[in-house]
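Asks: Model the following, please.
(one chain, ligands or ions: 1)
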Amino acid sequence: MVLAQLGGSISRALQQMSNATIIDEKVLNECLNEITRALLQSDVQFKLVRDMQTNIKKIVNLDDLAAGHNKRKIIQQAIFNELCKMLDPGKPSFTPKKGKTSVVMFVGLQGSGKTTTCTKYAYYHQKKGWKPALVCADTFRAGAFDQLKQNATKTKIPFYGSYMESDPVKIAVEGVERFKKENCDLIIVDTSGRHKQEVALFEEMRQVSEATKPDLVIFVMDSSIGQAAFDQAQAFKQSVAVGAVIVTKMDGHAKGGGALSAVAATKSPVIFIGTGEHMDEFEVFDVKPFVSRLLGMGDLSGFMDKIHEVVPMDQQPELLQKLSEGNFTLRIMYEQFQNILKMGPIGQVFSMLPGFSAELMPKGREKESQAKIKRYMTMMDSMTNEELDSSNPKLMNESRIMRIARGSGRQIREVMEMLEEYKRLAKIWSKMKGLKIPKKGEMSALSRNMNAQHMSKVLPPQMLKQIGGMGGLQSLMKQMGSAKDMMGMFGGGDK
Ligand SMILES: Nc1nc2c(ncn2[C@@H]2O[C@H](COP(=O)(O)OP(=O)(O)OP(=O)(O)O)[C@@H](O)[C@H]2O)c(=O)[nH]1
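Replies: Residues are numbered from 1 along each chain as shown. Predicted coordinates:
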């Protein structure tokens with residue numbers, strides 16, 4: 001994702017500013033110019049960037065900052081806030097409620113990934129216990145119905161469409177009626193896309209919208225459209241009541257900055273991003289964790305969310321209990337590997353946890369890493385229960401290592417490598433020792449501080465310094481609402 005490069009440029013600009021002995025107007029301007037350049041190169045609309053620069057300068061009045069104030073922290077905070085503001089239109093989109101029928105209509109240009117995204121959206125909700133259904137009102141592209149049907153069948157989601165009927169309005173209305181009768185709580189209507197914005201497309205969209213009265217219209221946008229994003233998004237907004245945006249293909253070489261422009265044009269939030277062609281390559285989009293990731297601060301709350309999603313509820317307290325005792329066994333590593341494989345695109349998960357990605361998960365080599373994890377698990381399958389439950393790898397003598405290698409059909413070298421990996425992970429997780437486990441639903445300032453304290457041990461020192469030390473970390477966590485997110489991991493409610 002090229003957005004990572006944008007993040008890198010912004011972090012570098014901030015770092016350069018931090019290195020300066022005195023932060024004066026010149027240093028601030030240089031830093032802001034660097035950030036401006038990075039944003040423009042990422043296809044963020046010029047006006048947005050210029051406004052952001054002006055706002056930061058207004059907030060950060062260097063003369064007014066009393067001596068002793070941490071200017072770097074204040075500037076970084078202002079940049080964080082402005083980037084969040086750019087991505088947050090200030091009002092949340094309509095959120096469908098489980099068990100109550102909602103109609104959601106998808107619009108976008110041809111090839112934006114609309115049909116794929118409809119199914120991803122349905123599948124995401126289905127996994128959370130919803131009863132979604134898909135209606136194909138795209139009568140323009142010959143293969144659209146087949147594509148939707150194929151995706152829907154694969155994910156076992158009911159669908160409606162027709163090979164014969166050419167009137168999209170009629171199909172949409174029939175489909176919505178039918179699924180309402182069947183008590184589906186999320187009825188998703190896919191509409192036609194054209195290769196460019198044209199009157200016929202907008203007219204058809206408007207008619208489908210009028211006939212089906214959707215509770216939410218989602219504009220699907222390909223992240224690679226660059227500077228055209230603003231105009232395109234605005235054109236759609238003028239025809240139908242766009243209420244949310246989904247940006248697709250964030251995994252590719254797209255610059256992704258168009259997402260920021262689309263938010264400004266539609267005054268609607270980005271609610272999900274598409275990160276691949278597969279059904280589960282779809283992420284909830286949260287502004288603050290996203291921006292902190294962009295600024296190179298990692299996205300712990302996203303990581304915790306993922307864990308919350310895949311670690312079975314009843315196992316979460318047990319896992320944390322074990323970690324809090326500093327008892328990281330090979331079995332825990334095995335279970336974590338199982339969870340990681342369930343989490344979907346592995347690099348994505350690791351990129352959320354500061355310090356992890358570079359070591360276990362080299363960028364661009366996710367498939368290899370996934371295979372490596374599976375290999376490790378096969379080797380662990382050849383271990384005894386005693387070995388798996390011990391946190392002392394010394395138990396593994398030469399003959400046991402040879403036996404494990406033979407039993408799993410792997411080389412001795414590979415078993416040693418796996419044990420090294422275990423030691424490395426055990427070291428990281430040992431920093432969680434003494435973690436205070438709050439009771440379900442408890443969210444006191446005390447536990448927030450405890451978490452920040454532990455987090456500060458896990459973060460690489462360089463990054464902690466960049467965030468602004470312990471104080472910076474605490475305030476960042478407060479902003480990110482990570483106390484809440486972290487509580488989720490301890491058995492809190494569904495998000
Ligand atoms: N890499 C990647 N590919 C995606 C993503 N979302 C969709 N695609 C691919 O983009 C291509 C176009 O997607 P479709 O869903 O057919 O596009 P569409 O907008 O429905 O097209 P029309 O029905 O013609 O309007 C397909 O090959 C999808 O697999 C994504 O997030 N990442």
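
Asks: only C-alpha atoms for contact and neighbour calcs from this point on.
Replies: Noted.

Asks: what about Leu32, neighbour count?
Replies: 23 (other Cα atoms under 10 Å).

Asks: Let me know the pLDDT of it.
Replies: pLDDT, Leu32: 87.

Asks: following the strand or helix carrying it, which helix or strand comes up?
Replies: Element membership for Leu32, per DSSP states H and E: helix 25-41. Helices and strands here follow DSSP H and E; after helix 25-41, the next one along the chain is helix 46-59.

Asks: May I have that next one as PDB, with CA atoms only?
Replies: The C-alpha trace of helix 46-59 is given here as PDB (Å, rounded to 0.1, in the frame of the first residue of the first chain):
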ATOM      1  CA  PHE A  46      -4.800  20.400  -3.200                       C
ATOM      2  CA  LYS A  47      -7.400  22.500  -1.400                       C
ATOM      3  CA  LEU A  48      -7.600  20.100   1.400                       C
ATOM      4  CA  VAL A  49      -3.900  20.000   1.900                       C
ATOM      5  CA  ARG A  50      -3.600  23.800   1.800                       C
ATOM      6  CA  ASP A  51      -6.400  24.100   4.400                       C
ATOM      7  CA  MET A  52      -4.700  21.600   6.600                       C
ATOM      8  CA  GLN A  53      -1.500  23.600   6.500                       C
ATOM      9  CA  THR A  54      -3.200  26.800   7.300                       C
ATOM     10  CA  ASN A  55      -5.100  25.200  10.200                       C
ATOM     11  CA  ILE A  56      -1.900  23.700  11.700                       C
ATOM     12  CA  LYS A  57      -0.200  27.100  11.500                       C
ATOM     13  CA  LYS A  58      -3.100  28.700  13.300                       C
ATOM     14  CA  ILE A  59      -3.100  26.100  16.100                       C
END
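
Asks: which parts of it are buried?
Replies: Leu48, Val49, Met52, Gln53, Ile56, Lys57 (16 or more other Cα atoms under 10 Å).

Asks: Can you name the residues of the stretch 101-250 of the chain that neighbour the ligand?
Replies: When proximity is defined by Cα under 6 Å from any ligand atom, the stretch 101-250 of the chain lies next to the ligand at 109-116, 141, 144, 192-193, 248-250.

Asks: re the thing from before, can you show me the CA trace of the helix holding Leu32 as CSV?
Replies: Output of helix 25-41 as CSV, limited to C-alpha atoms (Å, rounded to 0.1, in the frame of the first residue of the first chain):
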residue,chain,number,x,y,z
GLU,A,25,9.0,29.1,12.3
LYS,A,26,11.5,28.0,9.7
VAL,A,27,11.8,24.5,11.1
LEU,A,28,8.0,24.2,11.4
ASN,A,29,7.5,25.5,7.8
GLU,A,30,10.0,23.0,6.5
CYS,A,31,8.2,20.2,8.3
LEU,A,32,4.8,21.3,7.0
ASN,A,33,6.1,21.7,3.4
GLU,A,34,7.4,18.2,3.6
ILE,A,35,4.1,16.8,4.8
THR,A,36,2.2,18.9,2.2
ARG,A,37,4.4,17.4,-0.6
ALA,A,38,3.8,13.9,0.7
LEU,A,39,0.0,14.4,0.8
LEU,A,40,-0.1,15.9,-2.7
GLN,A,41,2.0,13.1,-4.1
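
Asks: and the angle from that helix to helix 46-59?
Replies: 160 degrees (axes from the mean of the first three to the mean of the last three Cα atoms, to 10 degrees).

Asks: Packing partners of helix 25-41?
Replies: If you count contacts as 3 or more Cα pairs under 8 Å, 6 or more residues apart in numbering; DSSP states H and E, helix 25-41 packs onto helix 3-19, helix 46-59.

Asks: of all those, which lies closest to Thr266?
Replies: Shortest distance between Thr266 and those, using Cα to Cα, is found for helix 46-59: 13.6 Å.

Asks: Tell me which helix or strand comes right after that closest one.
Replies: helix 71-87.

Asks: Could you identify the helix or strand that succeeds that next one?
Replies: strand 102-107.

Asks: Next secondary structure element downstream of that next one?
Replies: helix 114-127.

Asks: Relative to the ligand, how far out is the residue nearest to Asn327 when sequence neighbours are not counted?
Replies: Spatial nearest neighbour of Asn327, excluding adjacent residues (Cα to Cα, 6 or more residues apart in numbering): Ser391 at 6.3 Å. Noted for Ser391: a distance of 41 Å to the ligand, by Cα to the nearest ligand atom, to the nearest Å.

Asks: Now do the contacts for Ser391.
Replies: Neighbouring residues of Ser391 by Cα atoms under 8 Å, 6 or more residues apart in numbering: Asn327, Phe328, Thr329, Leu330.

Asks: Next one, pLDDT for the last one please.
Replies: Leu330 is assigned 84 on the pLDDT scale.

Asks: And the one 4 residues further on, by the same measure?
Replies: According to the per-residue confidence, Tyr334 scores 82 in pLDDT.

Asks: try the one 10 residues further on
Replies: On pLDDT, Gly344 comes in at 53.

Asks: Lys431 now?
Replies: 57.

Asks: Out of the buried residues of helix 46-59, the closest to Pro96 would be?
Replies: Taking these together and measuring to Pro96 by Cα to Cα, the closest member is Leu48, at 30.4 Å.

Asks: Distance check, that closest one against Ala259.
Replies: 12 Å (Cα to Cα, to the nearest Å).

Asks: can you check Val173 too?
Replies: 31 Å.

Asks: quick one: which of the two has more around it?
Replies: Neighbour count, other Cα under 10 Å: between Val173 and Ala259, Ala259 has more, with 33 against 18.

Asks: Now do the contacts for that one.
Replies: Val44, Ser223, Ala229, Val247, Val270.

Asks: Give me the lowest-pLDDT entry from these.
Replies: Val44 (77).

Asks: Tell me, how many residues neighbour the closest residue to that residue other than its chain neighbours?
Replies: Nearest residue to Val44 in three dimensions, chain neighbours excluded: Gly257, at 4.7 Å (Cα to Cα, 6+ apart). Gly257 has 25 neighbours, counted by other Cα under 10 Å.
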